[in-house]
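Participant: got a sequence here, can you model it:
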Amino acid sequence: MSEEAKSDNLERMAKEGPRPGADVSFPFDRMTVEQFRKRFPRARWSDSRQAWFVPGRTASRRFTRWLADLEAEADAFADAKGRDSFEFEPIESVYLELGKAGFRIKTPYSRTVVDRLREVPYSRWDGDLKLWHVPYRSFEDLRHHWPVIEEAARRNEPEERRRRAEARKGTEEEAKSRARTVERNRRRYPLTSDDLPPVGCVVAIHYGLVVFEEITGELVDLEVVGKFYHGLTDDHVWGIWRLPTYEELVRAWPSKTAPAPGAKWWQPTIEELRPVRRAASRKRRNGRRSSSTKPT
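Facilitator: Prediction:
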């Protein structure tokens, strides 16, 4: 192209404004690029922007829809592959059954079960049916965690818990457990006098997420409560705590860093806030439902 033609072209582009379209990008994969070029034959790669330019006023919307269709196809393939793996080497358990879209898992409540299932990709809790849904595509992850899940579920069967409770009756272990429960029900917590948490804010302690209402300044008696708390010194004072409300949990700002080793309290991370927020939200909804069904 001659210099004069280039000048005329630039002048025309300046008058018409930027060409309508969108810059899009996605992880490189030869087959995906081939599908992309087939779907968007007018798309062009830009080395300067390291992205594809798709012309057209609806380019962004068309690309988003294509990407969603591609992901749906990939999920369907992964689900079929996971279903085949299960049929070849099934998990046989009273706690697991097959559903239309994946596995349905129902166990007695166990913190271990909840933590493990949260590590399985795409797992979700169904509050209405009181069970977990896991898609077939996550079968390999589920199989990896299943021995721990099943063992924890069996340990928390009502009959098994009653049996362990009967075995503990009158033992030193039962006395210690009751003493720990009594101490926790006092809702007090030892804090280092030179590192006190903010009053009225959601913080994390070893009991979970709490809100401190008061720092009493009363020194902790090591001889009385030293067996319940580790690392106590003469500088520890009592803080009085309560459970946070749903509104306080929603307003709480998560920390981006993990707590320091040995910390007595810390700003909670988003991983600590999410399950507590969900539980508080469910409790709030259930409370509203029960109040709305009461006769007036």
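Participant: helices of the stretch 51-200 of the chain, start to end?
Facilitator: Taking DSSP state H, counting those that start in this stretch as the criterion, the stretch 51-200 of the chain contains helices spanning 59-88, 111-118, 139-155, 158-168, 172-185.
Participant: what's stretch 150-170 in contact with?
Facilitator: 93, 95, 107-110, 112-113, 116, 174, 177 (Cβ atoms under 8 Å, 6 or more residues apart in numbering). Bear in mind the C-beta positions are built from the backbone N, C-alpha and C, glycine included.
Participant: so which of the helices of the stretch 51-200 of the chain is nearest residue 49?
Facilitator: helix 59-88 (14.2 Å; Cβ to Cβ).
Participant: the closest one - contacts with which helices or strands?
Facilitator: Here helix 59-88 touches strand 21-24, helix 30-39, strand 51-55, strand 131-135, helix 139-155, going by 3 or more Cβ pairs under 8 Å, 6 or more residues apart in numbering; DSSP states H and E.
Participant: most tightly packed of the ones you listed?
Facilitator: Among the helices and strands packed on helix 59-88, strand 131-135 has the highest mean neighbour count (mean count of other Cβ atoms under 10 Å), at a mean of 20.
Participant: angle of that strand against helix 59-88?
Facilitator: Between strand 131-135 and helix 59-88, the angle comes out at 100 degrees (axes from the mean of the first three to the mean of the last three Cα atoms, to 10 degrees).
Participant: okay, now the sheet partners of strand 131-135, with direction.
Facilitator: strand 102-105 (antiparallel), strand 124-126 (antiparallel) (DSSP bridges).
Participant: what about the nearest residue to residue 208 once chain neighbours are set aside, neighbour count?
Facilitator: Closest residue in space to residue 208, ignoring its immediate chain neighbours: residue 276 at 7.1 Å, by Cβ to Cβ, 6 or more residues apart in numbering. The burial count assigned to residue 276 is 19, neighbours taken as other Cβ atoms under 10 Å.
Participant: ok, residue 85 next?
Facilitator: Residue 85 - counted by other Cβ under 10 Å - has 14 other residues nearby.
Participant: my guess is it contacts residue 140, does it?
Facilitator: Yes: assessed by Cβ atoms under 8 Å, residue 85 is found in contact with residue 140 at 6.8 Å.
Participant: quick one: residue 245 and residue 277 touch, right?
Facilitator: No: between residue 245 and residue 277 there is no contact under Cβ under 8 Å: 11.0 Å.
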